[in-house]
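Trainee: show me how the following folds:
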Amino acid sequence: MSTGAREPVPILMYHALAHRPAPSVRALSVSPDAFAQQLALLGERGFTPLTTAALAAVWRGAGRLPARPVLITFDDGYEGVHRYALPALARHGFAATLFVSTGWLRGPYDEGGALDTMLDWDQVRQLAAAGVEIGGHSHTHPQLDQVDDGRLRYEAARCREIVTAELGAAPVSFAYPYGYSTRRVRRAVRAAGFTQSLAVGNTPARRAQGPYALRRLTVRRSTDIDEFERLLDGRSLGRVFAADRALTKAYALVRGARRAARRIGEG
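Mentor: Predicted structure coming up:
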């Protein structure tokens, strides 16, 4: 066993699991067969999947990490998480975290805008009963750094309110839609009651990143098993995610300009 205080932890970010996903989510989807192969590799190599809350608790000083921790996370709330991921996780006894956009899920809070078939609340409850941690991912999945303060507070608080009402327990973990956050966004998520949040970053997570900016590694349709193993080991990440990082830098400039223009307009 290890305290894990200084060790990097791979946090894997998944979205849709489907044989035939909608075109809009295909690039960020994973086939059920590929997902099963990836879980088998985790088992063969002795990794121990944890929930987001469990990792954060250890990094706050509560307990110890296993020797090879890893996090399996899903964003948005696609129906394939229940259909395909739940039985695959159960076969291995693996923990996972699902971050839901409450206004995208099928049911009374659905506001439209979902990109593919989503979970309903009965399925979310079944996932929670099976030990999957349910976290927040905003209400309607906007770019949180681009909305005003009132909308920002609403998106975080409404999401937490709905999950609490449906599951009988308040969620403690959050993931930023699109991975974008600023200091203002992180403050709002914390004020809503979440105790840790995940970004993207495409590097392993480290305690020094802080509880509201933990980084994840993107798993996508094009991730073959060799690349998946490199993600786990933190090898060749610069090459694997070179295009993503170039786009992130470009988007950062655009997003900063938009925020500045909005402030000028508000002034």
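
Trainee: wait, doesn't Thr140 sit right on Leu105?
Mentor: No: judged on CB atoms under 8 Å, Thr140 makes no contact with Leu105 at a distance of 11.1 Å. C-beta: built from backbone N, CA, C; applies to glycine.

Trainee: those two: who's more crowded?
Mentor: Leu105 (25 against 20; other CB atoms under 10 Å).

Trainee: run through the residues that contact the more buried one.
Mentor: Gly77, Ala114, Met118, Leu119, Asp120, Trp121, Val124 (CB atoms under 8 Å, 6 or more residues apart in numbering).

Trainee: poorly predicted segments of this structure, please.
Mentor: Across the chain, the ranges flagged by pLDDT under 70 are 1-5, 242-267.

Trainee: I'd assumed Ile72 was in a helix, is it?
Mentor: No: judged by DSSP: H, G, I helix; E, B strand; the rest coil, Ile72 forms no part of a helix; its state is strand.

Trainee: roughly how far apart are it and Thr52?
Mentor: Distance from Ile72 to Thr52, counting by CB to CB, to the nearest Å: 10 Å.

Trainee: intersection of neighbour lists for the two?
Mentor: The contact lists of Ile72 and Thr52 share Thr97, where a contact means CB under 8 Å, 6+ apart.

Trainee: who has more neighbours, those two?
Mentor: A direct count of neighbours by other CB under 10 Å for Ile72 and Thr52 places Thr52 higher, at 30 against 27.

Trainee: quick one, what contacts Ala129?
Mentor: Contacts of Ala129 (CB under 8 Å, 6+ apart): none.

Trainee: how much space separates it from Arg239?
Mentor: Separation of Ala129 from Arg239 (CB to CB): 41 Å.

Trainee: got a list of what Thr117 touches?
Mentor: Tyr78, Glu79, Gly80.

Trainee: recalculate using a threshold of 7 Å.
Mentor: For Thr117, the contact set (CB atoms under 7 Å, 6 or more residues apart in numbering) comprises Tyr78, Glu79.

Trainee: please apply the same query to Ala175.
Mentor: Thr73, Asp75, Phe99, Gly135, His137, Ser197, Leu198.

Trainee: mind redoing it with 10 Å?
Mentor: 11, 13, 52, 73-76, 97-101, 135-138, 181, 189, 194, 196-200, 214, 216 (CB atoms under 10 Å, 6 or more residues apart in numbering).
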